[in-house]
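Undergrad: Make a model of this:
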Amino acid sequence: MSREEHYLRIAVIMGGHALNGRLKINVISDNLNRFRKGNHIFIFENNDYKQYTIEEFKQLADGGRICLLRINGVFDRTAAQAFKGKEIFITQQEAEETRDQLEENDFYYFDLVGCEVFLDNKKFAEVTDILQAGSGEILIITDNKGKQLMIPFIDSMVDTSRIKEMRLDIYPIEGLFDI
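TA: I've put the predicted structure just below:
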């Protein structure tokens, strides 16, 4: 696959599981159907996105985001363990194909990247990335002076009601930004 194609992170590989090559993963996608048997995923390795086919997917009993995944070409724990720390991706095109499944005011996280960020009704920054943190997501924004800042992606600080206009309004707590 070409590096020009856009890829979206959907999981992080925590390591191998058992002896048969299963991967233990932390799912960060809100759509578990992305992990159906036969679907294609990509793992970034050796400076390229390598395609794999899902052979098995199992959500663990707790119903959380920790799951087991088997992909083609990985047959034992040693091979699975080599993927520890790597991220799993899908193409943006594939995500777009499921957009019609979203509720009216829902959006994909990748829709946030490139949005203009307004503070006190003035353009302040642009969203450049999203980080997955233990308890939620953090928006990485670049202000008008080129400085990167972080803001927790929570309703009380980030208003997404105008996302279709590529606009976010932020309400940071006092002292969050040194501006």
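
Undergrad: Let me see the mean pLDDT of stretch 70-85.
TA: Averaged over stretch 70-85, pLDDT sits at 96.

Undergrad: Pull out the buried positions in that stretch.
TA: Within stretch 70-85, the residues scored as buried using 16 or more other Cβ atoms under 10 Å are 70-71, 74, 77, 80-81, 83. (Each C-beta comes from the backbone N, C-alpha and C, glycine too.)

Undergrad: Please flag which of these sit within strands.
TA: Judged by DSSP state E, the subset of these located in strands is 70-71.

Undergrad: wait, I25 sits on I71?
TA: No: using Cβ atoms under 8 Å, I25 makes no contact with I71, being 10.2 Å away.

Undergrad: What are the contacting residues of stretch 96-106?
TA: Here stretch 96-106 makes contact (Cβ atoms under 8 Å, 6 or more residues apart in numbering) with 31, 33, 108, 161.

Undergrad: Can you give me the pLDDT of A61?
TA: 69.

Undergrad: domains of this structure?
TA: 7-100, 109-170 (automatic domain parsing).

Undergrad: So A95 lies in a strand, does it not?
TA: No: counting by DSSP: H, G, I helix; E, B strand; the rest coil, A95 is located in no strand; its state is helix.

Undergrad: quick one, what contacts the nearest residue to it once chain neighbours are set aside?
TA: Nearest residue to A95 in three dimensions, chain neighbours excluded: L8, at 5.5 Å (Cβ to Cβ, 6 or more residues apart in numbering). Applying Cβ under 8 Å, 6+ apart, we find L8 in contact with 89-92, 95, 108, 110.

Undergrad: Turn those into a markdown table, including neighbour count and secondary structure.
TA: Below are these laid out as a markdown table (neighbours: other Cβ atoms under 10 Å; DSSP: H, G, I helix; E, B strand; the rest coil):
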| residue | neighbour count | secondary structure |
| --- | --- | --- |
| F89 | 21 | strand |
| I90 | 22 | strand |
| T91 | 18 | strand |
| Q92 | 14 | helix |
| A95 | 20 | helix |
| Y108 | 17 | coil |
| F110 | 15 | helix |
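
Undergrad: What number of residues are in the vicinity of G21?
TA: Using other Cβ atoms under 10 Å, G21 has 23 neighbouring residues.

Undergrad: now the one 10 residues further on
TA: Residues lying near N31 (other Cβ under 10 Å) number 14.

Undergrad: quick one, what contacts it?
TA: In this structure, N31 makes contact with 98, 101, judged by Cβ under 8 Å, 6+ apart.
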